[in-house]
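Q: The amino acid sequence is not available; the structure is as follows:
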């Protein structure tokens, strides 16, 4: 208890628990937008009174929507240009320029097919801890734009409390959303859909692994062969738990990439709240991962903000590196069949080591 209290005190003192303004949608006219990122949404959040907005309460079943986010021409890689109020200027700020409710999961699947444009893969993104709905949507829009992703983008939003001190509540909410994510994945992995890449950040990586494990345990392991890619960014997962989850999936879908940073402050706090057990997102010793067939990209030296907890999405240097590996990852999967491989980003460029 003393350790937990000390960590929460540190969290508050470091500014990570400060009551700073949270991200919120600002609406703008579509004709004023110069660049637009389309997103589809599946969420286990309860709808707010505002149109196409969802809060922190947990819903019993998934709801679906289609959004359009304007990206300003002054956008800088790795950043979200938030407005200071509710009246964004699409030339300077991210803005919501389109929103439509979808009636059910089948409508979502139809929208994915419509946006696929042939053989392009779709990307499903699961956000992390302490994230509200607008923040998660804008973050995925920024990532898709910065990584030049052309296929459909699906945002899976679980009911994060969006409060730095609600770690345990968020973990429970992530698990509450597991069945909804499983149902969504099983539909989007059918053969009438484009192949699907899954990206999970922080606690969202934990939820991704739990959903994939559940699919495998209920006898649907074969459908996971339709996964185009699995990427865990700064995953907030106990390493022993991750190995257990991975054994349930054996072999892991390929390519399987984990982006880590040994200087991730938030994962160090998470480890302290979990009895000092190291998180996958800060792994240093590849021997801990055995022969799972994982590509580990070490972004420790990439440089960034936010406690180094989302370098793959916020550091321009890291984004440049990850874009390269995203384009090359199908052939790279051969290299990681017999053990983990670490790609390290340092001052002198890239280096490779294996476990």
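A: Everything's here; your move. What you are looking at is a predicted structure, and each value in this text was computed from that prediction instead of being measured.
Q: Not counting sequence-adjacent ones, nearest residue to residue 283?
A: Once flanking residues are discounted, residue 283 sits nearest to residue 260: 5.6 Å by CB to CB, 6 or more residues apart in numbering. No exception for glycine: its C-beta is placed from N, CA and C like everyone else's.
Q: For that neighbour, which residues count as its bridge partners?
A: Residue 260 has the following beta-bridge partners by DSSP bridges: residue 298.
Q: wouldn't it be in contact with residue 298 here?
A: Yes: using CB atoms under 8 Å, residue 260 is in contact with residue 298, at 5.6 Å.
Q: Please say which of these two ends up with more neighbours.
A: residue 260 (25 against 21; other CB atoms under 10 Å).
Q: follow-up on the earlier one: show me the contacts for the residue nearest to residue 283.
A: 234, 280, 281, 282, 283, 296, 297, 298, 299, 300 (CB atoms under 8 Å, 6 or more residues apart in numbering).
Q: Can you say which of these are buried?
A: 234, 280, 281, 282, 283, 296, 297, 298, 299, 300 (16 or more other CB atoms under 10 Å).
Q: Could you dump the residues you listed into JSON lines and include pLDDT and distance to residue 272?
A: JSON lines is the format used below for the buried ones among the contacts of residue 260 (pLDDT from 0 to 100; distance: CB to CB, whole Å):
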{"residue": "234", "pLDDT": "96", "distance to residue 272": "16"}
{"residue": "280", "pLDDT": "95", "distance to residue 272": "16"}
{"residue": "281", "pLDDT": "94", "distance to residue 272": "14"}
{"residue": "282", "pLDDT": "93", "distance to residue 272": "12"}
{"residue": "283", "pLDDT": "91", "distance to residue 272": "16"}
{"residue": "296", "pLDDT": "90", "distance to residue 272": "23"}
{"residue": "297", "pLDDT": "89", "distance to residue 272": "25"}
{"residue": "298", "pLDDT": "89", "distance to residue 272": "22"}
{"residue": "299", "pLDDT": "90", "distance to residue 272": "22"}
{"residue": "300", "pLDDT": "88", "distance to residue 272": "19"}
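Q: quick one on the thing from earlier: where does the residue nearest to residue 283 land on pLDDT?
A: With respect to pLDDT, residue 260 has a value of 93.
Q: how far away is it from residue 128?
A: 14 Å (CB to CB, to the nearest Å).
Q: again, but for residue 115
A: 25 Å.
Q: Compare those two (neighbour count), which wins?
A: Neighbour count, other CB under 10 Å: between residue 115 and residue 128, residue 128 has more, with 26 against 19.
Q: Let me see the contact set for that one.
A: Here residue 128 is in contact with 160, 200, 201, 202, 203, 204, 205, 234, 236, 309, 310 (criterion: CB under 8 Å, 6+ apart).
Q: what do you get for residue 30?
A: 36, 68, 70, 97, 98.
Q: Residue 147: which of those is nearest?
A: For these, the minimum distance to residue 147 (CB to CB) is 16.2 Å, reached by residue 36.
Q: count of neighbours near the closest one?
A: Residues near residue 36, counting by other CB under 10 Å: 16.
Q: Surely it and residue 69 touch.
A: Yes: here residue 36 reaches residue 69: they are 6.9 Å apart, a contact under CB under 8 Å.
Q: joint contacts of the two?
A: By CB under 8 Å, 6+ apart, the residues touching both residue 36 and residue 69 are residue 97.
Q: before we move on, the earlier item: out of the buried ones among the contacts of residue 260, which is nearest to residue 224?
A: Closest to residue 224, out of all of the buried ones among the contacts of residue 260 and judged by CB to CB, is residue 280, at 19.3 Å.
Q: That closest one contacts residue 237, correct?
A: Yes: using CB under 8 Å as the test, residue 280 is close enough to residue 237 to be in contact (4.5 Å).
Q: what do the two both touch?
A: residue 205.
Q: in the stretch 151-300 of the chain, which spans are strands?
A: 153-157, 196-201, 227-233, 256-260, 295-298 (DSSP state E, counting those that start in this stretch).
Q: Quick check: which of those strands is nearest to residue 183?
A: Across these, closest to residue 183 is strand 153-157 (CB to CB), at 10.9 Å.
Q: got the angle between that closest one and strand 196-201?
A: 40 degrees (axes from the mean of the first three to the mean of the last three CA atoms, to 10 degrees).
Q: Check which helices and strands strand 153-157 sits against.
A: strand 36-47, strand 122-126, helix 133-146, helix 178-188 (3 or more CB pairs under 8 Å, 6 or more residues apart in numbering; DSSP states H and E).
Q: Partner strands of that strand and their direction?
A: Going by DSSP bridges, the partners of strand 153-157 are strand 36-47 (parallel), strand 122-126 (parallel).
Q: low-confidence ranges in the stretch 51-200 of the chain?
A: 51, 119 (pLDDT under 70).
Q: can you do 50?
A: Within the stretch 51-200 of the chain, no stretch falls below the threshold (pLDDT under 50).
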